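# Any chance you can model this:
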Amino acid sequence: MKKCFYASLILILLIGSFLTGSWYSQRESTKNNSSGGRRILYYVDPMNPSHTSDKPGIAPCGMKMEPVYADELSAGQASGNVTPMPPGAVRISPEKQQIIGVRLDQVEKTTFNYMIRTTGRVVADETRIYRINAAVDGWITEVLPNTVGSIAKKDETLASFYSPEFLGAQQAYLYALGAMDRFQASGKETPSQIDLTKANIQQYKDSLKNQGMSDLQIEEIAKTRQYTQKIHIVSPADGFILVRNVSPGERFEKGKELYRIADMSRVWILADLFRKEAQHVRPGAKVRVTIPYEEKVFQATVSKVLPQFDAATRTLKVRLEVENPDFALRPDMFVDVEFPVTLPPTLSVPVDAVLDSGLRKTVFVDRGNGFFEPRQVETGWRLGERVEIIKGLMPGERIVISGTFLLDSESRMKLAAAGVFGTLSKDPVCGMDVDESKAKAAGRISEHRGKNYYFCADVCKQQFDKDPGPYLEKPAGSGKPSIAQVAQTEQRAKDPICGMFVAPSAAAKAGRVSQYGGKTYYFCADECKQQFDQDPKSYVEKTNGTGKPGGTHGVKSEQQAKDLVCGKDVVISVAAKPATMSEYRGKTYYFCCPHCKASFDRNPESYVQ
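Numbering: from 1, shown residues only. Presented below is the predicted three-dimensional model:
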């Protein structure tokens, strides 16, 4: 009997040992597979990065809290001593980056060479166009075989006409010539009479010329001393016939255009350029012109005349001047034009790197360890596949040039989960990111020199309104930067009362600094500093003096509420004070700091659905 008992006991111990070993092995395997021995700093809500916890669990959005490992952050980030990620920043693992096709490139300041290719239309040089108009009434008697597009030589007869007005003019001219012949033959006339006769000859000659007779035909009359009824229309220069308005037997009136001839040895080319392209083309620049499907190349020069705007095509017509000795370029012919453009050293990025929503332009900056920051930029010229960056990026930064659309989608989801639905702006006083729509609804907006500025708190607005000068951005090369610029670039501290990040320089300038236990603490508002000074020990112990996980997020065992103004989670026992709680329509609302409460009290209807 005892042998059976001992055998059963030994069997149970063996089975228990086996199960215990299997459980421990599976636990260690799962632990190693899940973290790989990596140290977890804290847990974060995947839909709201501002919601953190020191323990795993379920986030308010219903998703599982994600761990943040120490090797994912730099030393400064792990200690909470650097500028935090701005709203909308996302983290994409290397595996996901490869799947969605994320490619990075470094921003550099380089000289940009580009070739603007466009089309041009050949037109006649307006300074080389000759119009032959009828000076008298008459009839066309003869037309030579010439048509529009034909080449006419100088003094070549184009047509003939009859006009009775020439008979009297020719008679007067021949009479004056005869008088001069008699004076020269007799030799008895005085010099004054000869001069008067010469003047009459020139006057009658000019009369014939003004009525439309050519110099050659006038000289012929002087030689033959014969009247003529056929007045010749001759070409004034070598060129192409552009207009021909004559036919045999046609009667015409004074002022009618008979022929239009253009000298095509030098022509113009009107090239179509968009406004942003035309501003880079300089007068006197050499341009390459080619005829499509031909090997002929011409070198044209950009005219000094300002480009003319064409309302039909919404382009600027840039005039080019080019020599055309063999008449290869004909009127209304289309040609290919290449403008070489060389721009001074500047920051430029691929067009695909910039997300242009119309009112704002955004690029994603690589912050390392898979973190990508959405940053608003200002752009300048755009040529081809490159666009100039005027403001927002610095040389050496790495940006996303492919896969930006998916990153932008993820970023917008983060912003929506954090309660940010409008456009973000920088508070010029403390450098914090502010939702413009919420700041405007709360009345925290100021206008200065035609520009709107948005603020996170009333105290920031009051400081700005009192003296805006120190908070305005200074242009590059102007010397000392503004407070806002310093606040955006320096390391930030966390307010131990409300958990908001504060720029130490801005807090020190406003006097919102306290010393406790040999350490300096910075505050976002005077109310937070006053609360801390009343009982600093309770706030330091709550965050262990580090600000991590920050504010009220470290207390997970107590009941929490959502701050309707900034969207943060608030511990009710901590916020249940007159300075951070309000009653509205029989319901109590809790806030992370006094200025959130003040914003709510000013217009509670905008925050309560």
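
# Which residues are in contact with A300?
Neighbouring residues of A300 by CB atoms under 8 Å, 6 or more residues apart in numbering: 269, 286-289, 320-322, 337. Quick note: C-beta positions are derived from backbone N, CA and C, even for glycine.

# export these to CSV and tack on secondary structure, neighbour count and pLDDT?
Formatted as CSV, the contacts of A300 follow (DSSP: H, G, I helix; E, B strand; the rest coil; neighbours: other CB atoms under 10 Å; pLDDT from 0 to 100):
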residue, secondary structure, neighbour count, pLDDT
I269, strand, 26, 95
K286, strand, 11, 92
V287, strand, 22, 94
R288, strand, 15, 94
V289, strand, 20, 95
L320, strand, 25, 95
E321, strand, 16, 94
V322, strand, 19, 95
V337, strand, 24, 95
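
# Out of those, which is nearest to N133?
Distance from N133 was checked for each of the contacts of A300 by CB to CB. The minimum falls on E321, at 27.3 Å.

# how near is that closest one to V289?
Shown here: E321 relative to V289, a distance of 11 Å by CB to CB, to the nearest Å.

# which residues are common contacts for those two?
Contact with both E321 and V289 is made by residues 269, 300, according to CB under 8 Å, 6+ apart.

# So what would you say the end-to-end distance of stretch 322-333 is?
End-to-end distance of stretch 322-333: 14 Å, with CA to CA, to the nearest Å as the criterion.

# typo on my end, stretch 239-249
26 Å.

# who's in contact with it?
124, 128-130, 139-143, 146-152, 158-159, 233, 252, 256-264, 327, 330-331.

# do stretch 272-287 as well
116, 118-120, 271, 299-304, 307, 310, 313, 315-318, 320, 337-341, 343, 381-383.

# thinking again about what came up before, now intersect the contacts of stretch 239-249 with the helices, please.
Residues from the contacts of stretch 239-249 lying in helices, with DSSP state H as the criterion: none.

# PyMOL command to pick out the buried ones of these?
To isolate the buried ones among the contacts of stretch 239-249 in PyMOL, judged by 16 or more other CB atoms under 10 Å, type:
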select buried, resi 124+128+129+140+142+143+146+152+158+159+233+252+258+259+260+261+262+263+264
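
# Which of the contacts of stretch 239-249 fall in strands?
124, 129-130, 139-143, 151-152, 158-159, 233, 252, 257-262 (DSSP state E).

# Could you tell me how far whichever helix or strand A439 is part of lies from the centre of the chain?
Under the assignment given by DSSP states H and E, the secondary-structure element containing A439 is helix 436-441. The gap between the average C-alpha position of helix 436-441 and the chain average comes to 26 Å, counting by CA atoms, centre = their mean, to the nearest Å.

# That helix: what's the following helix or strand?
Along the chain past helix 436-441, the next helix or strand (assigned with DSSP H and E) turns out to be strand 445-448.

# Could you name the helices and strands sitting against that next one?
Using 3 or more CB pairs under 8 Å, 6 or more residues apart in numbering; DSSP states H and E as the contact criterion, the elements in contact with strand 445-448 are strand 451-454, helix 458-466.

# you'd agree L316 is up against F309?
Yes. Proximity of L316 to F309 meets the contact threshold set by CB atoms under 8 Å, at 5.7 Å.

# Which one of these two is surrounded by more residues?
With other CB atoms under 10 Å as the criterion, L316 and F309 differ in neighbour count, and L316 comes out ahead with 20 against 12.

# Spell out the secondary structure type for the more buried one.
L316 falls in the strand class when you classify it by DSSP: H, G, I helix; E, B strand; the rest coil.

# How about it: which residues does it bridge to?
Legend: beta-bridge partners of L316 under DSSP bridges are L273, F309.

# CA atoms only for stretch 145-152, dumped as PDB, please.
Provided in PDB are the C-alpha atoms of stretch 145-152 (Å, rounded to 0.1, in the frame of the first residue of the first chain):
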ATOM      1  CA  PRO A 145       2.900  86.400-110.400                       C
ATOM      2  CA  ASN A 146       3.600  86.800-106.600                       C
ATOM      3  CA  THR A 147       1.700  85.500-103.700                       C
ATOM      4  CA  VAL A 148       1.700  85.400-100.000                       C
ATOM      5  CA  GLY A 149       4.900  83.700 -98.800                       C
ATOM      6  CA  SER A 150       6.900  84.600-102.000                       C
ATOM      7  CA  ILE A 151      10.300  86.200-101.600                       C
ATOM      8  CA  ALA A 152      10.500  89.700-103.100                       C
END
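
# Show me how far it is from its chain's centre.
51 Å.

# Report the rounded mean pLDDT for that stretch.
Mean per-residue pLDDT for stretch 145-152: 88.

# Run through who's touching that stretch.
Contacts made with stretch 145-152 from outside it, assessed by CB under 8 Å, 6+ apart, are listed as 158, 235, 238-244, 261, 327.

# Same list, the helices and strands packed on strand 445-448, but as CSV with distance to I194, mean pLDDT and mean neighbour count please.
Formatted as CSV, those follow (distance: least, CB to CB, whole Å; pLDDT from 0 to 100; neighbours: other CB atoms under 10 Å):
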stretch, distance to I194, mean pLDDT, mean neighbour count
strand 451-454, 84, 87, 17
helix 458-466, 95, 82, 18
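
# any chance of those in CSV, plus distance to V570?
Putting the helices and strands packed on strand 445-448 into CSV (distance: least, CB to CB, whole Å) gives the following:
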stretch, distance to V570
strand 451-454, 23
helix 458-466, 20
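
# Minimum distance to A199: which of these has it?
Proximity of the helices and strands packed on strand 445-448 to A199 was assessed by CB to CB; the nearest stretch is strand 451-454, lying at 76.1 Å.

# would you put the C-alpha positions of that closest one in CSV?
Listed in CSV are the C-alpha atoms of strand 451-454, where the atom choice follows Å, rounded to 0.1, in the frame of the first residue of the first chain:
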residue,chain,number,x,y,z
LYS,A,451,0.3,89.0,-39.2
ASN,A,452,-1.7,86.9,-36.7
TYR,A,453,0.0,85.3,-33.7
TYR,A,454,-1.5,82.5,-31.6
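
# could you say what helices and strands it packs with?
Strand 451-454 packs on helix 436-441, strand 445-448, going by 3+ CB pairs under 8 Å, 6+ apart.

# can you give me the mean pLDDT across the host helix or strand of I399?
Using DSSP H and E, I399 maps to strand 398-402. Predicted confidence along strand 398-402 averages 92 (mean pLDDT).

# got it, and stretch 588-599?
80.

# now do the same end-to-end measure for it.
Using CA to CA, the span of stretch 588-599 from its first residue to its last is 15 Å.

# In that stretch, which of the residues would be classed as buried?
Buried residues in stretch 588-599, defined by neighbour count with 16+ other CB under 10 Å: 589-599.

# rewinding a little: name the residues of the strand holding I399 that are buried.
By neighbour count, with 16+ other CB under 10 Å as the criterion, the buried positions of strand 398-402 are 399-401.

# Dump the C-alpha coordinates for that strand into CSV.
What follows is the C-alpha trace of strand 398-402 in CSV, where atoms were taken according to Å, rounded to 0.1, in the frame of the first residue of the first chain:
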residue,chain,number,x,y,z
ARG,A,398,17.6,64.3,-43.5
ILE,A,399,14.1,64.4,-45.0
VAL,A,400,11.7,61.9,-46.5
ILE,A,401,11.6,62.1,-50.3
SER,A,402,9.4,59.0,-51.0
